[in-house]
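Asker: dropping the sequence and predicted coords here.
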Amino acid sequence: MSEVNYKSPLYIQLREVIRSKIEDGEYPIGTAIPSESQLSETYKLNPLSVRSALAALKYEGLLRSVQGKGVYVNGPKTERDLETLGGFRQTMDERSIDAHTRVLIKALRPAGPYYSRLLDLAEEDQVWFTKRIDYMNKEPVALEEIYIPEKLLPSYGDVDIELFSIYDIFIWNDLCPTDADQTLRVVYLEPSKAKLINLTSDHAVMELSNLTRDAKGRRIEFARNYVRPDKIEFITHYAKEW
């Protein structure tokens, strides 16, 4: 269905038009749909009918309204526990901590010699590079640098990663993270990076690096997190079977 007629209530018709566009991928998961005024003009409907259609889809969980930004396509909910792989936002959500991220850079760049080896790419292959700051209770706690192969996630550039978790984006695109190699060390940041998380360059931070693979063994992400040790601690659980 791509247009509305007068055989059934108009808001129900528009609801199904939008649903079809979501299912067909015209409105990808994690991206904004046209505004109420744009939908009203496109389908020649009054604002109340448009609002009712959107409200029904929000109630179903297909859409999500973000104040000041618009209405976004939601992905399916995923269940997690603290023993499985997960990113910053879902870990904070699971602990009921007020958290958000601010994206500084999100762009394509060549993998180059270093990241091509890490991610099993050719040097000229493109990777999505993201630099962002993680906030906990409105205070910066970590600086993240993330590299994702463009050929595995071409739609990444259209998704608002300040609203949606990167791990959810992986799952929605059949790139389910299954295992990772992690390295933890103590480093000192250059002044420009330290300033981003309210530190000076003489303060040591924890550098946590993760190389993540999916169920098919593909290397889907390399992430380097610089974490303030005065704000976050890492806990590892060990068990021995007798």
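Answerer: All right, it came through fine. For clarity, every value in this text was computed on a predicted model and none was experimentally measured.
Asker: which helix or strand in this protein has the lowest average pLDDT?
Answerer: Least confident helix or strand, the chain: helix 88-94 with a mean of 53, by mean pLDDT, DSSP states H and E.
Asker: which is the next helix or strand following that one?
Answerer: Counting by DSSP states H and E, the next helix or strand C-terminal to helix 88-94 is strand 99-110.
Asker: export that following strand as CSV, just CAs?
Answerer: Below are the C-alpha coordinates for strand 99-110, written out as CSV (Å, rounded to 0.1, in the frame of the first residue of the first chain):
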residue,chain,number,x,y,z
ALA,A,99,23.4,7.7,30.6
HIS,A,100,23.7,9.1,27.1
THR,A,101,26.3,9.6,24.4
ARG,A,102,27.5,12.6,22.3
VAL,A,103,28.9,11.9,18.8
LEU,A,104,31.9,14.0,17.8
ILE,A,105,32.8,12.3,14.5
LYS,A,106,30.9,9.8,12.4
ALA,A,107,32.5,9.4,8.9
LEU,A,108,33.9,6.9,6.4
ARG,A,109,37.7,6.5,6.1
PRO,A,110,40.0,4.0,4.5
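Asker: buried stuff in it?
Answerer: 99, 101, 106 (16 or more other Cβ atoms under 10 Å). From N, CA and C alone the C-beta is placed, and that goes for glycine too.
Asker: my guess is the first one contacts residue 139, does it?
Answerer: No: no contact is recorded between residue 99 and residue 139 when judged using Cβ atoms under 8 Å, the distance being 10.2 Å.
Asker: stretch 45-59: which residues count as buried?
Answerer: Result for stretch 45-59 [16+ other Cβ under 10 Å]: buried residues 45, 49-50, 52-54, 56-57.
Asker: mind putting these into TSV with distance to residue 38 and pLDDT?
Answerer: Converted to TSV, the buried residues of stretch 45-59 look like this (distance: Cβ to Cβ, whole Å; pLDDT from 0 to 100):
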residue	distance to residue 38	pLDDT
45	11	90
49	14	90
50	9	92
52	16	90
53	13	91
54	12	93
56	18	88
57	16	90
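Asker: what's next to the strand or helix carrying residue 187, contact-wise?
Answerer: Here residue 187 sits within strand 177-188, counting by DSSP H and E. With Cβ atoms under 8 Å, 6 or more residues apart in numbering as the test, strand 177-188 has contacts from 85, 167, 170-171, 194, 201-215, 220-221, 226, 234.
Asker: at 6 Å instead, please
Answerer: Outside strand 177-188, the residues that touch it by Cβ atoms under 6 Å, 6 or more residues apart in numbering are 85, 170, 204, 207-215.
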